[in-house]
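S.K.: Structure for the following, please:
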Amino acid sequence: MEGFESFVGVNFWTALFTLLNFLALFFVLKHFLVGPVIKIIQDRQKEIDDMYASAGNAEEQAKLMEAEYRQKLTAAAETGEKIVKEAVARGQAREEEILRQANAEASAIMDKAAADIALEKKKAINDAKDEISGIAIAIAEKVVARELNETDQAQLVDIFINELGEQV
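M.R.: As a prediction, the model looks like this:
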């Protein structure tokens, strides 16, 4: 073996003890280090798997909440549209009511004005008749040179008014 040692340059016993030390260190480290490291890795893997499961559950809940939110948003939009339609209908009804009242008031004002005009016209005609009859009597008295009695006066006024009415 001496030739081998000189060729390789390694002492056999040193190599053997080094190998035995390495194997002893390997088994000790395997027993005290590998077991706990594998346990740590397994715990970490379990934690990661739990995180993925939790994230999956959170995603499911988010999708459910999104669907619920969209449903509520749609319902709110429909409710808003319904409220707007009702407000428009109420506004149109109120507008029609206001127009109806305004037309009724305008009609009442027109009727009252027509009645007032007719009354004033009748008053004016009566005043004119009275004034004209007074003038006519005065003229007739001068023409006839005598005073007329009431019957003659009434007949003359009626004749004069009838002739005046036919001219107007």
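
S.K.: show me where pLDDT drops low in the chain?
M.R.: 1-10, 136, 138-148, 164-168 (pLDDT under 70).

S.K.: Find the centremost residue of it, please.
M.R.: residue 84 (4.9 Å; CA atoms, centre = their mean).

S.K.: Look up how far residue 73 lies from that one.
M.R.: Remark: distance between residue 84 and residue 73 (CB to CB, to the nearest Å) = 16 Å. Using the backbone N, CA and C atoms, a C-beta is placed for each residue, glycine as well.

S.K.: What segments of this protein are helices?
M.R.: With helices called from DSSP state H, the chain shows them at 2-8, 12-29, 35-144, 150-167.

S.K.: thinking again about what came up before, list the contacts for the residue nearest to the centre of the chain?
M.R.: With contacts defined as CB atoms under 8 Å, 6 or more residues apart in numbering, residue 84 has no neighbours.

S.K.: for residue 153, same thing?
M.R.: 133, 137.

S.K.: Use 898 as the first number for this chain going forward.
M.R.: Okay, residue one is now 898; in that scheme the one you just asked about reads as residue 1050.
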